[in-house]
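Engineer: what follows is a predicted structure for the sequence shown.
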Amino acid sequence: MIEINGKDIGDLTTLNYEKMKSDLLTLNMGPQHPATHGVLRVEIKTDSEIIAEATPYIGYLHRCFEKHAEKIDYRGVIPFVDRMDYLGAMGMEWGYALTVEKMLGTEVPRRAQYIRTIVGELQRIASHLLFYGVYAIDLGAFSPFLYAFDEREKVLRLFEELSGARLLYNYIWIGGVWNDITDDQLRRITKFVDNLEEEVKTYHKLVGENKIFIERTANVAVISEEMAYQYGATGPILRASGVDWDLRKKRPYGIYEELDFDVPLGKGEKGQVGDCWDRYHVRVQEINESIKILRQCLDGIEEGSIMGKVPKVLKVPEGEIYLRTECPRGELGYHLVSDGGKTPYRLKIKSSCFTHVSMLPELAPGQMIADFVATIGSIDIVLGEVDR
Amino acid sequence: MSGITPDISDFATKENLDYYDDLTFGKWLKNIGITIKSCLTGLAITGKVILTKKAVTIEYPEVREELPSNSRSRLFNDVDNCIACLQCAAACPVDCIYITATRRDKEAPKLKTDDGTPIKLDLKQYTIDTALCCYCGLCTVVCPTECLTHTTDYEFSQYTVGEMKYDYLEEDIRAWKHRIVK
Amino acid sequence: MLKDIASFLNSKVSGCQAEAYEAEVGDGHVHFAGEHLFACAKALKESSEYDMNVLQVVSGVDYPERIEVNYMLASFTKNTEFILKVKLPKKNSDDVPEVESVCSLWKSANFLERETYDMVGVKFNNHPDHRRILCPEDWEGYPLRRDYVVQKEWAGMEVNPAHKVNSGDQNFFKEVVEKMGGDKKKVTYSWKSDAEA
């Protein structure tokens, strides 16, 4: 028996926590932290390596956007909606435009639907590339970050020519889109997509097949199917847990019924089904599926007008509606209550990241702090969407 | 330590530490082999990028990038053509445009804009607070005479927030018309 | 589908008087009184015919004499969704209505109900962690109510201090009106909101 400070710590070959108890330390993984993807505060009770309890505190980026939306007319809400999920802004605008169009009953012309799909899938590629780069740099790999951002730069440059801004577009309007897309830009998208298909294989070999990355992410933070249903998890997290649920297939909107693509699921190749490696791999495979969709859209784009018939003064008839679309981070829902006036009466946004953050207190106990960083990175939150 | 906070020994159980129990010496050596091989593959990829790819960084401020012509940067209003219809102030989602205008006397000489619309109101105040502006472009869409446009000028930071309010009737700002707008 | 759900609820939970409302524009809903919420939600979750296994949103809407709390339930196995509405009467403008929490059925209700309490002011009984989520802990008032006025001071700091509001530009038109001899008809201006008073 070995004694230190009067306490018997037993045999040194087995880690005997019974004999090595100490008080728990409360730490703030504070609002300013490079790995929490924004201003998220997590209060951790730990014995300095293994976490016993974790409580997230949000609200540091709350801009009360739902109150602003009650005073601004329907067209002016679109720049506000951009700024919630600023890394996937086209998805947010598309969901809002679909909600208002369904209440009004307007028909969107075919060319505008093709352009919306092209732009939405390009935004999905850009968002997943950013996830790839940032997740790698959270775990210590410095090179993939700049490779991902170099590819993303090409997408953002194209968006700047289309809409005028790099990150917050105000491009998808109620009834159609703002500017038309030229043939030269379509040719550049084809070249970009051909180049990216080769590069994604290289990027996956660099990060996903690396043994150090596998050791850090396999079997960490396993989310089972039942837990995903209980917490309302959607998007890549639900698909990585093995559930075949993609809103583009189950409840299609736009022209997704006519397009042919697969839905990647998590299979537990390097560990259990639903661990961090699965969530990473599902997102990388979704880039390939988006490339397939883009190719079909670029081949089949039709001529025509880009804006449907929308009255100059928009007044939405009385009623309420709830509509969801598939964004890069999960399902985005808009609950719109209208009383017949020029401004919405109540606009509630259901963002997927809000419910994903509530999964952290159940995933954290038993992990080490380094595993916790990998968990937060794999659920891919953007604080603009959590706090609105 | 029992009571309110959970006990650490509840989580550091044998199941969590099982990994170390199945490890034989042969497996340990094999793990090292796989790690070295995957790291060498990674190094080969980055090495190829170092040797073959050109640098993509633009050396600002010696080299400035050419922005596309419809890029939404600083606003410019050509006040000689403005008919004070207040459409831009009504369309702005953040209310950053301040306009005041008075009616012209009937005896004053008749003025027209460049494209022929008669001007009936005298513009006394046209100020845009560019610190509030969200650069959405909704005001330029509704302007009927196209006097309010976005330019491609993006270098306009100031030292105080008060200097970010631009009064477009001032003489020095009117002179921009020939410098910035193409 | 809404009429089937209403008749199913009326048969399972006695006295709830569930009614279905079909709408021409937008979505319809099923509504009933607030006391039976937990029993109805439990019946819907455990029934094999409907199998509502996901609670997506809890959304509160403020009207002059009532608050409506909408629960959007969905079934990911049967690919259905619908809106469940509970109308809670408000006695006066400071009233905080109460309803039973569904946290023991769906864990996503934890954050969602906290947000409804914070923004609209609805109290949820038996909630494990009932406090504000987006506003600071000691904030007064419920921001998304229609008659909400922001408080003047918080934690020693003044909310909306006068020197930061751009009053010079907002009141420019008042000076022009005076200069023109007080006749408002000759001046048009764009700043029509609070500064006009």
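Structural biologist: Everything's here; your move.

Engineer: residues from chain C in reach of chain A?
Structural biologist: Applying CB under 8 Å from any CB of the partner chain, one finds that chain C approaches chain A through C:23-27, C:29, C:53-57, C:59, C:61-62, C:70, C:72, C:76, C:79, C:81, C:83, C:106-108, C:110-112, C:115, C:119, C:133-136, C:143-144. (Glycine included, C-beta is placed from N, CA and C.)

Engineer: filter those residues down to the ones in strands?
Structural biologist: Judged by DSSP state E, the residues of chain C next to chain A include C:29, C:54-57, C:59, C:61-62, C:70, C:72, C:81, C:83 as members of strands.

Engineer: tell me where chain B has helices.
Structural biologist: B:25-52, B:87-91, B:138-142, B:171-174, B:176-179 (DSSP state H).

Engineer: whichever of the residues of chain C next to chain A end up buried, select them in ChimeraX.
Structural biologist: Applying 16 or more other CB atoms under 10 Å in any protein chain shown to these, the buried members can be selected in ChimeraX as follows:
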select /C:26,27,29,53,54,55,56,57,59,61,62,70,72,76,81,83,106,107,108,110,111,112,115,119,133,134,135,143,144
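
Engineer: pLDDT score for residue 92?
Structural biologist: Since you didn't name a chain, this refers to chain A. The pLDDT attached to residue A:92 in the predicted structure is 92.

Engineer: oops, wrong one, chain B.
Structural biologist: Here, the pLDDT recorded for residue B:92 equals 87.

Engineer: then residue B:45?
Structural biologist: 90.

Engineer: mind listing what it touches?
Structural biologist: The neighbours of residue B:45, taking CB atoms under 8 Å, 6 or more residues apart in numbering or on different chains as the test, are A:202, A:205-206.

Engineer: quick one: closest of the helices of chain B to residue A:304.
Structural biologist: helix B:138-142 (21.1 Å; CB to CB).

Engineer: show me what counts as buried in the closest one.
Structural biologist: Within helix B:138-142, the residues scored as buried using 16+ other CB under 10 Å are B:138-140.

Engineer: residue contacts, residue 31?
Structural biologist: Answering for chain A, as no chain was given. Here residue A:31 is in contact with A:39-41, A:60 (CB under 8 Å, 6+ apart).

Engineer: wrong one, chain C
Structural biologist: C:18-19, C:21, C:84-87.

Engineer: filter those residues down to the buried ones.
Structural biologist: Among those, those buried by neighbour count (16+ other CB under 10 Å) are C:18, C:84-86.

Engineer: tell me which of these is nearest to residue A:78?
Structural biologist: Nearest to residue A:78, judged by CB to CB, of the buried ones among the contacts of residue C:31 is residue C:85 at 28.1 Å.

Engineer: give me the spatial nearest neighbour of that closest one, chain neighbours excluded.
Structural biologist: Nearest non-adjacent residue to residue C:85, counting by CB to CB, 6 or more residues apart in numbering or on different chains: residue C:31, 4.0 Å away.

Engineer: confirm that the one you found sits in a strand.
Structural biologist: Yes: under DSSP: H, G, I helix; E, B strand; the rest coil, residue C:31 sits within a strand.

Engineer: give me the distance between it and chain A.
Structural biologist: Look at residue C:31 and chain A: by CB to the nearest CB, to the nearest Å, they are 12 Å apart.

Engineer: cool, residue B:162 as well?
Structural biologist: Here the criterion is CB to the nearest CB. By it, residue B:162 lies 23 Å from chain A.

Engineer: would you verify that residue A:45 is located in a helix?
Structural biologist: No: looking at residue A:45 with three-state DSSP, it is strand, so not inside a helix.

Engineer: quick one, grab the pLDDT at the closest residue to it other than its chain neighbours.
Structural biologist: Nearest non-adjacent residue to residue A:45, counting by CB to CB, 6+ apart: residue A:53, 4.3 Å away. Looking at residue A:53, its pLDDT reads 87.

Engineer: and residue A:53, how many residues sit next to it?
Structural biologist: Residues lying near residue A:53 (other CB atoms under 10 Å in any protein chain shown) number 17.

Engineer: is it in a helix, a strand, or coil?
Structural biologist: Taking three-state DSSP, the label given to residue A:53 is strand.

Engineer: may I have the phi/psi pair for the residue nearest the centre of chain B?
Structural biologist: When CA atoms, centre = their mean is applied to chain B, the residue found nearest the centroid is residue B:135 (7.3 Å). Per-residue torsions, residue B:135: phi 60, psi 40 (degrees, to the nearest 10).

Engineer: check residue A:331 too.
Structural biologist: Main-chain dihedrals, residue A:331, degrees, to the nearest 10: phi -100, psi 130.

Engineer: give me the spatial nearest neighbour of it, chain neighbours excluded.
Structural biologist: residue A:234 (4.1 Å).

Engineer: quick one: the one you found and chain B, what's the gap?
Structural biologist: Residue A:234 sits at a distance of 29 Å from chain B (criterion: CB to the nearest CB).

Engineer: what about that residue, which helix or strand?
Structural biologist: Under the criterion DSSP states H and E, no helix or strand holds residue A:234.

Engineer: can you narrow the contacts of residue B:45 down to the ones near chain B?
Structural biologist: Restricting the contacts of residue B:45 to those touching chain B (CB under 8 Å from any CB) yields A:202, A:205-206.

Engineer: could you list the low-confidence segments of chain B?
Structural biologist: B:1-22, B:106-109, B:169-182 (pLDDT under 70).

Engineer: right, and chain C sits closest to which residue of it?
Structural biologist: Across chain B, the shortest distance to chain C (CB to the nearest CB) belongs to residue B:89, at 3.6 Å.

Engineer: close enough to count as contact, that residue and residue B:101?
Structural biologist: No: counting by CB atoms under 8 Å, residue B:89 does not reach residue B:101; the two are 11.0 Å apart.

Engineer: who has more neighbours out of these two?
Structural biologist: residue B:101 (25 against 20).

Engineer: for the more buried one, give the beta-bridge partners.
Structural biologist: residue B:123, residue C:188 (DSSP bridges).

Engineer: can I get stretch A:184-193 in PDB? Just the C-alpha atoms.
Structural biologist: Written as PDB, here are the backbone C-alpha positions of stretch A:184-193 (Å, rounded to 0.1, in the frame of the first residue of the first chain):
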ATOM      1  CA  ASP A 184     -20.600  32.900 -67.800                       C
ATOM      2  CA  GLN A 185     -21.400  32.400 -64.100                       C
ATOM      3  CA  LEU A 186     -23.000  29.000 -64.800                       C
ATOM      4  CA  ARG A 187     -19.900  27.900 -66.600                       C
ATOM      5  CA  ARG A 188     -17.700  29.000 -63.700                       C
ATOM      6  CA  ILE A 189     -19.900  27.000 -61.300                       C
ATOM      7  CA  THR A 190     -19.400  23.900 -63.500                       C
ATOM      8  CA  LYS A 191     -15.700  24.400 -63.400                       C
ATOM      9  CA  PHE A 192     -15.700  24.900 -59.600                       C
ATOM     10  CA  VAL A 193     -17.800  21.800 -59.000                       C
END
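
Engineer: buried ones in it?
Structural biologist: Buried, per 16+ other CB under 10 Å, within stretch A:184-193: A:189, A:192-193.

Engineer: cool, and stretch B:148-167?
Structural biologist: Neighbour counts using 16+ other CB under 10 Å place B:148, B:150-153, B:164-166 of stretch B:148-167 among the buried residues.

Engineer: chain center to stretch B:24-35: distance?
Structural biologist: Relative to its parent chain, stretch B:24-35 has a centroid offset of 51 Å by CA atoms, centre = their mean, to the nearest Å.

Engineer: just confirm yes or no for it near chain A.
Structural biologist: Yes: using CB under 8 Å from any CB, we find that stretch B:24-35 touches chain A at B:31, B:34-35.

Engineer: which helix is the longest one in chain A?
Structural biologist: Chain A, longest helix under DSSP H: helix A:110-138.
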